[in-house]
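Q: Quick one, structure for this:
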Amino acid sequence: IAAGVERDDLVILPSFTFIGSANAIAHCGAMPYLLDVNKDTWTLDPESLAKVLSDTERKDGRVYHRQTGRRIAAVMPVHVLGIAADMDAIVRAAKDYNLPVVADGAAALGTIYRGRKIADTGADLTVFSFNGNKTVTAGGGGAICGNDASLVQLVRHLTTTARVGADYDHDRIGFNYRMTNLQAAVGCAQLERLSEFVEKKRRIQATYANALTGLSGVLPFPDPAYGKSACWFSGFTLRNGKMESGELRKSLRERGVDARPFWKPIHLQVPFGGCPREELGVTDGLWSTLVTLPCSTSLSNADQSTVIKHVQELLG
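A: Numbers count the residues shown, from 1 in each chain. Predicted structure coming up:
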């Protein structure tokens, strides 16, 4: 809403993301316009973005989707699993059409892109999550970052019921999205340990990659040369033809290892099945092959060794 997205607009979004990304668009009365991800980064493909935008109509300084006639109002890259999207290329393509960029960095606190912190990579706004399962948590809530002081102030205004002054006047339809003081205190204490937590996450992912990627059909999560992932989740993709990822997860759970599936893409979700989309070949071929493994910062070396042993026994 702060970025100017309105009812019946479209927001470009990769389908390979958690449904919360799409829900944020829908809560504006808008609709996701779903694009594929790059096979080497699992993030919004800049070439697909540029191609799609080149086939739009421009009227009165606005950009319109030819097939639906809807205005394209923003671009929403997702730093999936803490892997940085290629922001220079994405921002360049968006700004060629004067489109704001709102980045979903829910999992990316601590991610580095071309030597820069992930919120300082050209997006108008970057959104982080402090949900209970994140690397740094306040038990809930999140943070919105940006370099445009007036835009950030508008966000703050909207989150505090759009109140003007001390007399309970409100100039817009706002939200009561403030964190409690208790949550904020927990979050501040957690942020002091961010570097420690992120390094632990990276070590866990590296240990899994070193131990498991020699197994048949096991491929590691992406590691683009332009960035350094925060490694929110750890795991691998399974493409060995002998065992599907769901079967492996079931077998691991039977052995006491909580291996989990990955999010079902947005175009396969009931509320968003009718959204406009481009070809999603990478997304369709990828999401069901993922296996995520235990990776909490409290994971001990002994427990990780046990996880590795069970995976090796099942696939080796």
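Q: Would you agree Ala73 falls within a strand?
A: Yes - when DSSP: H, G, I helix; E, B strand; the rest coil is applied, Ala73 is found to be in a strand.
Q: Contact partners for it?
A: Ala73 is in contact with 3-6, 9-11, 30, 99-100, counting by CB atoms under 8 Å, 6 or more residues apart in numbering. Placement of C-beta: from N, CA and C, glycine included.
Q: Show me what the one helix or strand Ala103 maps to is packed against.
A: Element membership of Ala103, judged by DSSP states H and E, is strand 102-104. On a contact count with 3 or more CB pairs under 8 Å, 6 or more residues apart in numbering; DSSP states H and E, strand 102-104 meets strand 125-129.
Q: what helices or strands is the strand it packs on leaning on?
A: Against strand 125-129 (3+ CB pairs under 8 Å, 6+ apart) you get strand 102-104, strand 142-145, helix 149-159.
Q: Give me the residues contacting it.
A: Contacts of strand 125-129 (CB under 8 Å, 6+ apart): 2-3, 100-109, 118-119, 142-146, 151-152, 155.
Q: related to what we said a few turns ago, drop anything exposed from the contacts of Ala73.
A: Among the contacts of Ala73, those classed as buried by 16 or more other CB atoms under 10 Å are 3, 5, 9-11, 30, 99-100.
Q: Kindly indicate which of these lies nearest Asn210.
A: Val11 (38.8 Å; CB to CB).
Q: and that closest one, that one's in a strand?
A: Yes - assignment of Val11 by three-state DSSP places it within a strand.
Q: Need the per-residue pLDDT for it.
A: Listed pLDDT for Val11 reads 98.
Q: Who are the contact partners of it?
A: Residues near Val11 by CB under 8 Å, 6+ apart: 5, 25, 28, 30-33, 72-76, 102.
Q: one step back: now the buried ones among the contacts of Ala73 in JSON lines, with distance to Asn38?
A: Shown next, in JSON lines, are the buried ones among the contacts of Ala73 (distance: CB to CB, whole Å):
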{"residue": "Ala3", "distance to Asn38": "24"}
{"residue": "Val5", "distance to Asn38": "24"}
{"residue": "Asp9", "distance to Asn38": "25"}
{"residue": "Leu10", "distance to Asn38": "21"}
{"residue": "Val11", "distance to Asn38": "19"}
{"residue": "Ala30", "distance to Asn38": "24"}
{"residue": "Leu99", "distance to Asn38": "19"}
{"residue": "Pro100", "distance to Asn38": "22"}
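Q: before we move on, the earlier item: quickly compare the helices and strands packed on strand 125-129 and say which is most buried.
A: Mean neighbours per residue, mean count of other CB atoms under 10 Å, is largest over the helices and strands packed on strand 125-129 for strand 102-104, with a mean of 26.
Q: Pairing partners for the helix or strand following it, with directions?
A: Using DSSP H and E, the helix or strand that follows strand 102-104 towards the C-terminus is strand 112-113. According to DSSP bridges, strand 112-113 forms sheet pairs with strand 116-117 (antiparallel), strand 227-228 (antiparallel).
Q: Mind checking the pLDDT average for the longest helix along the chain?
A: Counting residues, the longest helix in the chain under DSSP state H turns out to be helix 194-212. For helix 194-212, mean pLDDT rounds to 97.
Q: and it, how far out from the chain's middle?
A: 19 Å (CA atoms, centre = their mean, to the nearest Å).
Q: Starting from whatever helix or strand comes next after that helix, tell me which strands it pairs with and how they run.
A: The first helix or strand that comes after helix 194-212 along the chain, using DSSP H and E, is strand 218-220. Taking DSSP bridges as the criterion, strand 218-220 pairs within the sheet with strand 234-238 (antiparallel).
Q: Perfect, that will be all.
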